[in-house]
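Participant: need a 3D model of the following:
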Amino acid sequence: YLPAYQTTVPAWAKATTVHHLLTHSAGLPPLPARFFALARAATSDPAAAGRPSWVVDHAPLDSVDDLLAYLAEVAPTPLGPPGGQFSYSNESFVLLGAIIEQLSGQAYADYLRATVFDPLGMTQSTFVRPTPTADDNVATLHIVRKEAGQPVVVPAPVATYLPLWYAAGGLNSTARELLRYLDLLRTGGLVAGRRRFSEVVIRQMLHYQRDGGMPGAGYGYGIGVKTDRQGTIFAEHGGGSKGIASHVLVSPERGFTAVALTNLAGVPANQITLAAYNQSLGLPLETRLQDYQPTTYAPEQYQRYVGLYRGGEGQEFIITHQEGQLVGMFNDTEHLAQPVGDDGVLFDPGPHEIYARFLVEGDQPAWALSAGSRIVPRWPE
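Facilitator: Presented below is the predicted three-dimensional model:
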């Protein structure tokens, strides 16, 4: 479908399939293409995120051909062969959107409208963000800025998505309409009791296609797959952008669906849906999906983790070893680490903990850090 797709290993690029793109296992590391794909919209948005300081500037990317040319130009070093590593890749889904357009002969947004939104009655779901007015039920986006060293929440209403990036998360919707979509997944393709979508395809989406980058987590097609404490499989997915944090959760076996949408980035929306799920099971709202077993590491093992890790989307982790304690500096804050399992740690163990795993080979220093569903490579000293 996309013969121009290239990486530094041509044989791996040629071996990449739709399955690899759908499961974020094509081997693409976190890349900065999003900054350039949304560059023209960002010029009119004072709250748009700037590219990381370590990313070389580039002309705007306006088409799939531009994106493919950019990938060939920057020649990203793959994280491994296709199917080898799970690392969330927005570029992979942009390429999937291009394949949909190629096969359907329609723009991605038009295809989704005709095949998904209209059959489900999702009349308020759109890729063109409405402008909030006093009369509309449209949330204004907000961001956090620092003023005099203190965080302050301010409105940031300008939309920054453009058609090239729609397949990577440009949908505007409502909680109720997303519940209709989740109910489609819950029922295996039924709409109002009638078969409207292939049950086989829905089950493939929710099937554990590969590991999902952290203990107990897998990934299907475009959605995460996990198992709760009772062994019940459920699917979930989070999303975030400027002024947005969201999460959805569906359990076909328990007949449960949940949506959390917020108009402020960085809000732990997944804790909202998890609390609702726990409540439905009669569990305390803060119950974890799983318990991690604390362990200890020898000092020399800690030293293998120490270093700087950076991704093209803006990820930056500075890992140090201080007085027997592993410390991570990210999001402008120091986070203490509790070792758990093989090469894994929990930063800030507790309600807002972050799981990370260091990727090591033999007795060499870790070559990458896996966190937030991304594999972030070690940055050269």
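
Participant: low-scoring stretches of the stretch 1-150 of the chain, by residue?
Facilitator: Applying pLDDT under 70 to the stretch 1-150 of the chain flags residues 131-135.

Participant: please repeat the previous calculation with a cut-off of 80.
Facilitator: Across the stretch 1-150 of the chain, the ranges flagged by pLDDT under 80 are 129-137.

Participant: what do you get for the stretch 151-300 of the chain?
Facilitator: Across the stretch 151-300 of the chain, the ranges flagged by pLDDT under 80 are 159-160, 290.

Participant: so Met329 is in which element?
Facilitator: For Met329, the host element (DSSP states H and E) is strand 325-330.

Participant: mind giving me the packing neighbours of that strand?
Facilitator: If contacts are counted by 3 or more Cβ pairs under 8 Å, 6 or more residues apart in numbering; DSSP states H and E, strand 325-330 sits against strand 316-322, strand 333-340, strand 344-347. Glycine gets a C-beta too; all of them are placed from N, C-alpha and C.

Participant: can you give me the mean pLDDT across it?
Facilitator: Averaging pLDDT along strand 325-330 gives 94.

Participant: what residues of that strand count as buried?
Facilitator: Applying a neighbour-count criterion of 16 or more other Cβ atoms under 10 Å, one finds Leu326, Val327, Gly328, Phe330 buried in strand 325-330.

Participant: strand partners of it, parallel vs antiparallel please.
Facilitator: Strand pairing for strand 325-330, using DSSP bridges, gives strand 316-322 (antiparallel), strand 333-340 (antiparallel).

Participant: contact partners for Asp211?
Facilitator: Residues in contact with Asp211 (Cβ atoms under 8 Å, 6 or more residues apart in numbering) are Phe86, Ala217, Gly218, Tyr219.

Participant: of all the residues you listed, which comes closest to Arg196?
Facilitator: Checking these against Arg196 by Cβ to Cβ gives Tyr219 as the nearest, at 25.1 Å.

Participant: select the longest helix from the protein.
Facilitator: Using DSSP state H, we find that the single longest helix of the chain is helix 90-104.

Participant: chain center to it, what's the gap?
Facilitator: Chain-centre distance of helix 90-104: 17 Å, with Cα atoms, centre = their mean, to the nearest Å.

Participant: stretch 260-275 now?
Facilitator: Here the centre of stretch 260-275 is set off from its chain's centre by 14 Å, with Cα atoms, centre = their mean.

Participant: can you check stretch 316-331 too?
Facilitator: The chain centroid and the centroid of stretch 316-331 are separated by 24 Å under Cα atoms, centre = their mean.

Participant: please save the CA atoms from it in CSV.
Facilitator: The C-alpha coordinates for stretch 316-331 follow below in CSV (Å, rounded to 0.1, in the frame of the first residue of the first chain):
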residue,chain,number,x,y,z
GLU,A,316,12.5,13.3,28.7
PHE,A,317,13.6,11.2,31.6
ILE,A,318,16.7,12.0,33.6
ILE,A,319,17.5,8.9,35.8
THR,A,320,20.0,9.3,38.7
HIS,A,321,21.1,7.2,41.6
GLN,A,322,21.2,9.1,44.9
GLU,A,323,22.0,7.7,48.3
GLY,A,324,20.8,4.2,47.3
GLN,A,325,17.6,5.5,45.8
LEU,A,326,16.8,5.6,42.0
VAL,A,327,15.3,9.0,41.1
GLY,A,328,13.6,10.1,37.9
MET,A,329,13.3,13.7,36.8
PHE,A,330,10.5,14.3,34.4
ASN,A,331,7.6,16.8,34.0
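
Participant: cheers, nothing more for now.
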